Structures are given as structure tokens and as C-alpha cells.
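Trainee: Compute the structure for the input listed below.
(2 chains)
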Amino acid sequence: MAIETADVEGIAHLARIEIDEQARAGYARDLSGILSFVEQMNAVDTSEVEPMAHPLDATQRLRPDEATEPDRRDRYQAGAPAVEAGLYLVPRVVE
Amino acid sequence: MNWETVIGLEIHTQLATQSKIFSGAPTAYGAEPNTQACPVDLGLPGVLPVLNREAVRMAVKFGLAVEARIAPRSEFARKNYFYQDLPKGYQISQYDWPLVEGGHLDIDLEDGSRKRIGITRAHLEEDAGKSLHEDFHGMTGVDLNRAGTPLMEIVSEPDLRSPAEAAAYMKKLHALVRYLEICDGNMQEGSFRCDANVSVRPAGSEAFGTRTELKNLNSFRFVERALAYEVERQIDLLESGGQVVQETRLYDVDQGVTRTMRTKEEADDYRYFPEPDLLPVEIGADFVADVRETLPELPDEKRRRFIEEYGLPAYDAGVLTATRELAEFYESAVTESGGYAKRTANWIMSEFLAYLNKDSLELADSPVTPEMLGTLIARIEDETVSGRVAKDVFEAMWSGEGGPDEVIERKGLKQVTDTAAIEAMVDEAIANNPQQLEQYRAGKEKLFGFFVGQVMKASGGKANPQLVNELLKRKLDES
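Mentor: Alright, predicted model coming up:
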């Protein structure tokens, strides 16, 4: 599967990263290379193999439902660029 | 052309846990902003999520109640998108391997028939925070108290064929999660939220039409109205040669219309991938068996039992089992009354619910307890008071004047069943109204009611109506 420069732009947009126009072709080539490398695995019959979701052969431990975290708002907000009335302030977002 | 409506609902229920799904921060509603947001909820570097056992237990409980398959192994995934109330840049959700798959819920239609609605899946995920767009010097305020609150998203099959069916399904599900005590169902506080996928197709066609998604339909009424509007809009569009565009639309409550919100991002725009911070969740048979033990009697079973055990009409049984609390209230009251099931049902459905409604009270805040109502009904049955006077007693109990026996005693409302006393009042009524007596005897029989009224008035409403009728009849008809 080949990645076009338009795909690179799309992915960069979703990830909110800026990529120089000149660099896009290079990324498209590199990403295509990675995909074709991965595609080699398609040659293997995996119909009998259970998909692996996690490399550790372990299962999730469950936590008792207890509220254990105290309110430390002041400490957490000390590092925030802007707060007011207990709220974190961020650049205005209008949908 | 005849069009068929196709609707599927996605319902987000906030699970009634004490703490968040992946952190130990509390989940109480209405706290000061950001006082219930810990480093995990804030998405600070270096923190790791740990899954709340209770959230899993609640989702399994739901799965069992809708006869779904509980996945022995399920997994979490990251749903990636950027928004300021989602500090990590992704929501932990489930994608390929949800916890609950393939259940169903039966809804009752207006024509009295039942319809089975498929439940595709129910999965666990975390809620996002809240953005406040009021003006903070041109900035947006973010409250992350809600971030990380456990949600169960319940996805239906596209089995619903009308806005009314969609509302019926939503109500049924709402009652169910409250019966199961896994969600408080408070729609105003956002504990139970609904999105709808809706499309239309020519009747008889197999293929689905292009759908739109309606967001945030947060009351039963709005769901029905918004869907009705949207169905109409799509049909008008198609009949005038246009095309439905796949997009997300928002229902405008004030205008009663739906508007474009954003064109639908394709699922892979969210770049789902398995959550590396959480291991697969394995649910053993013993876990499922333990949860099964905690299942209460479900609404449908309860309704069936009310019809059989109490001999109630289906309608009454439906009203009384609408919530678990009301059903419990009813059963306690019946027991207290000495088993007068139908009379108790009538009193709850007329007086009791009307008073609750009038004062906008929740059942739990009712000044009249099941014991009080049951005793009052026993007093009607043993003829201590008439049904008419009982209404006054009820009103007094509602105003906090005490239990039925106390009110009857203090206000002297005890019914007069002494034949001699009533006979004296009857004689008096006849003697005082010779003209009416003459007319009555001349054949104007409807004057009988006039005499009943006179006697009841003389007794202050306390004379036993049957005795009054009997005695009057005898005396008036004797010449």
C-alpha cells in the first residue's frame, strides 16, 4: 500500500503536527516503506492465530471502587498557564 | 412513495460508581470545578490507569439483564481526537472487543404488541470533561471533574422503525438501568444521554439509506420530536431530488429543528488502537455467576407477576412497575392494606401519583408512606371511612397531619354505620322536604339523589353510603 503526500497531510492534520511541504514526499516514501515491510506478514497464514492485544501475557487487575484521591486542585493548577474560578483556561474553542 | 424509517440508538449511561473508571477520584455530581480531577484524569505524564472492578461488574450485570454474551476476554482501545476537555488527546474506550455483545430488549408498542430490539453491544469507556464557553477574557474554561467518569455505551441494532419506537426503547432502557441500580438515570445531570442514527429508505428496500447522526437528545420528548423532524427532512430532501449527506446534526430545542454540526469523521479518523496501558480484561465464569446472583427481578418479570399475583390489568401493572421504587411502594402498601391489590393500585395511580406530580416530589420524598396508604385502604375496606372521606384523610396525611388512624380520630371522620343514627337522619331529611317527597312519590325518581345528598350533608359526609341508600329507599318507597 502506497502512501501519497495527501495522506501525509491528512495524518499530520489529525495529529496536529506541522510538516514542511518539502519534507512531505520523504515522509510518504518512508511510511510506504514501513507499510510494505509490514505487508510481508500478509503472506503468512494467521487464520489459526489469536490476535494479540498486548505483549505481556497477563490480564488486567481490577481495583476496588473506592474514592482514594483527595482534592489537590491548587497543586495541580499551580503548573497551569491560566486558571480562573477553579477552571483551567484554554484558548477559546468554538465548534 | 412510501418511506421506511430506520433508527438505531447509542445510549451513554454514567455508571453509579463511587470512583472513576481508571482512577481513585470521586464521581459525585456538582462538586467545585476540578476538585475531583486527579493526575490520571488530568492526563499528567507518567500516570497509569487501573480499571475499576465495580464498573466492570455493572456492565456485566447489564449484559446479563439483556441476555447478551459476556466476553470472556475484552480489551480497551484508544480513540484519538483533540479537544480541550480530553486532556490525554485520546479517550479510553473499547472497539474490537467490547465487554458485552448481542443482547436484546423487548418494547411495548402503542397497539399493544411487543417488538424485540437487538442490542449490538455495550462497552465501557471514560467520560470527558466539560467546557464552559462563557467569556473568560476570550478563553474557554475547562472543568475536568467529569473526565474519567465511567460510561457504558449501549448500541442498538437499526431495528427501530419510528420515533415512537425509539422513545419506547429509550424509556425501557432507562427503567432497566435504574432497576439494576447501575445508573441513576438523571437526564438533566447527563447520566443518561442519547444519540440517534437515522435514515429513510423506500418501503420494501433492503439497503439502508444514508444516515445522519443526531446528538444529545436528552429527554424522551426531544428524542421523539427531533427524530420526527429529521425523518421528515430526509424524506422532503429525497422526494425533491436531493441527497442526504452523512453528517452529525444537533437538535435545536427552541426552534424544533436539526442543524448540521459537523460532517461525519470516518471511524478510522479516530485512529483506534489497543490501549497499551491496560491489559486484556478476563471475566471468569465465577465472576459472571456472582453478578448473576445480584440481578433483581427485572421490569418485565415484575409486570407479569403483578398481573398474575395481584390480578391487575396489564396497564396498571405497567404503571406500577415503571420504577423499582414505585413497585416496592405498591407491594408494601398492598401488604399493609391486607391484600386489597386493585384498590391499592387505583389509589396509587390516581391520588398518590397526582399528589407527587403536583408537588414535583420524588417518590423517596413522599410524606405518605406505603404503611400509611395501606392502612388507609384497610380503613376503607373495614368501613371505618368511606372512599370519599378517605380522600380528605389522604390530603391530611400528605400535609403531614399524621397517619390515617390519627387523622380519622382527631378529625372525627369515622363513618357512621349505626343504623339507628342514620335512620334518624333519613327521617329528618324526609320530614324537612315534603315538597320533594311529594314529587318523588309522583314519579320524579331522580330526586333520590337529592335525599342522599341531604343525609350525607347532615352526617358531615360520614354516613355509610350503602346504609343511607338502603334506608332511604325503604322509607321513600313506603307509603
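
Trainee: hmm, who's touching the longest helix seen in chain A?
Mentor: Longest helix of chain A, by residue count under DSSP state H: helix A:21-39. By Cβ atoms under 8 Å, 6 or more residues apart in numbering or on different chains, the residues outside helix A:21-39 that reach it are A:1, A:2, A:3, A:4, A:5, A:7, A:8, A:9, A:19. Any C-beta I mention is one placed from the backbone N, CA and C, and that applies to glycine too.

Trainee: Could you name the specific helix or strand carrying residue B:437?
Mentor: Assessed by DSSP states H and E, residue B:437 sits inside helix B:434-441.

Trainee: Just the CA trace of the helix or strand that that helix is followed by, in CSV.
Mentor: Counting by DSSP H and E, the next helix or strand C-terminal to helix B:434-441 is helix B:447-458. Extracted in CSV, the C-alpha atoms of helix B:447-458 (Å, rounded to 0.1, in the frame of the first residue of the first chain):
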residue,chain,number,x,y,z
LEU,B,447,-84.9,13.2,43.4
PHE,B,448,-83.5,10.2,45.2
GLY,B,449,-80.1,11.7,44.8
PHE,B,450,-81.3,14.9,46.4
PHE,B,451,-82.3,13.0,49.5
VAL,B,452,-79.0,11.1,49.6
GLY,B,453,-77.2,14.5,49.5
GLN,B,454,-79.3,15.8,52.3
VAL,B,455,-78.5,12.9,54.6
MET,B,456,-74.8,13.0,53.7
LYS,B,457,-74.7,16.7,54.4
ALA,B,458,-76.4,16.1,57.8
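
Trainee: Quick check: closest non-adjacent residue to residue B:244.
Mentor: residue B:210 (4.2 Å; Cβ to Cβ, 6 or more residues apart in numbering or on different chains).

Trainee: check contacts around that neighbour.
Mentor: Here residue B:210 is in contact with B:199, B:243, B:244, B:245, B:246 (Cβ under 8 Å, 6+ apart).

Trainee: Which of those residues sits closest to residue B:420?
Mentor: Of all the contacts of residue B:210, the one sitting nearest residue B:420 is residue B:199; the distance, using Cβ to Cβ, is 76.8 Å.

Trainee: Quick check: what element follows the helix or strand the closest one falls within along the chain?
Mentor: Element membership of residue B:199 [criterion: DSSP H and E] is strand B:192-202. Using DSSP H and E, the next helix or strand after strand B:192-202 towards the C-terminus is strand B:212-215.

Trainee: Looking at the contacts of residue B:210, state which has the most neighbours.
Mentor: residue B:199 (21 neighbours; other Cβ atoms under 10 Å in any protein chain shown).

Trainee: How about that one: which residues does it bridge to?
Mentor: Note on residue B:199: beta-bridge partners by DSSP bridges are residue B:6.

Trainee: contacting residues for it?
Mentor: B:5, B:6, B:208, B:209, B:210, B:211, B:212, B:234, B:244.

Trainee: about what we covered before: buried sites along the following helix or strand past the longest helix of chain A?
Mentor: Remark: after helix A:21-39, the chain's next helix or strand is helix A:73-77, criterion DSSP H and E. Residues of helix A:73-77 classed as buried: A:73, A:76, A:77 (neighbour count, 16 or more other Cβ atoms under 10 Å in any protein chain shown).

Trainee: just stretch B:249-260 next, same as before
Mentor: Across stretch B:249-260, burial judged by 16+ other Cβ under 10 Å covers B:249, B:250, B:251, B:258.

Trainee: could you dump these to JSON lines with distance to residue B:57 and pLDDT?
Mentor: Supplementary listing: the buried residues of stretch B:249-260 in JSON lines, determined by distance: Cβ to Cβ, whole Å; pLDDT from 0 to 100:
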{"residue": "B:249", "distance to residue B:57": "36", "pLDDT": "91"}
{"residue": "B:250", "distance to residue B:57": "34", "pLDDT": "90"}
{"residue": "B:251", "distance to residue B:57": "34", "pLDDT": "90"}
{"residue": "B:258", "distance to residue B:57": "37", "pLDDT": "90"}
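
Trainee: Just put these in JSON lines and tack on secondary structure and distance to chain A.
Mentor: Listed next are the buried residues of stretch B:249-260 as JSON lines, based on DSSP: H, G, I helix; E, B strand; the rest coil; distance: Cβ to the nearest Cβ, whole Å:
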{"residue": "B:249", "secondary structure": "strand", "distance to chain A": "13"}
{"residue": "B:250", "secondary structure": "strand", "distance to chain A": "9"}
{"residue": "B:251", "secondary structure": "strand", "distance to chain A": "15"}
{"residue": "B:258", "secondary structure": "strand", "distance to chain A": "16"}
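
Trainee: what secondary structure does residue 79 sit in?
Mentor: If you meant another chain, say so; for now it's chain A. With DSSP: H, G, I helix; E, B strand; the rest coil as the basis, residue A:79 sits in coil.

Trainee: if you could check chain B rather than the one you did, that'd help
Mentor: Secondary structure of residue B:79, per three-state DSSP, is strand.

Trainee: So what sits opposite it in the bridge?
Mentor: Taking DSSP bridges, one obtains residue B:91 as the residues bridged to residue B:79.

Trainee: count of neighbours near it?
Mentor: By other Cβ under 10 Å, the residues close to residue B:79 number 19.

Trainee: my read: it touches residue B:273, true?
Mentor: No. Contact criterion Cβ atoms under 8 Å: residue B:79 and residue B:273 do not qualify, at 9.4 Å.

Trainee: hang on, the earlier thing: how far is the strand holding residue B:199 from where the chain is centred?
Mentor: Strand B:192-202 sits 21 Å away from the centroid of its parent chain (Cα atoms, centre = their mean, to the nearest Å).

Trainee: returning to that earlier point: for the buried residues of helix A:73-77, which one is nearest chain B?
Mentor: Taking Cβ to the nearest Cβ as the measure, chain B sits nearest to residue A:73 out of the buried residues of helix A:73-77, at 5.0 Å.

Trainee: For residue B:239, see how far away the residue nearest to residue B:163 when sequence neighbours are not counted is.
Mentor: Nearest non-adjacent residue to residue B:163, counting by Cβ to Cβ, 6+ apart: residue B:227, 3.7 Å away. Separation of residue B:227 from residue B:239 (Cβ to Cβ, to the nearest Å): 18 Å.
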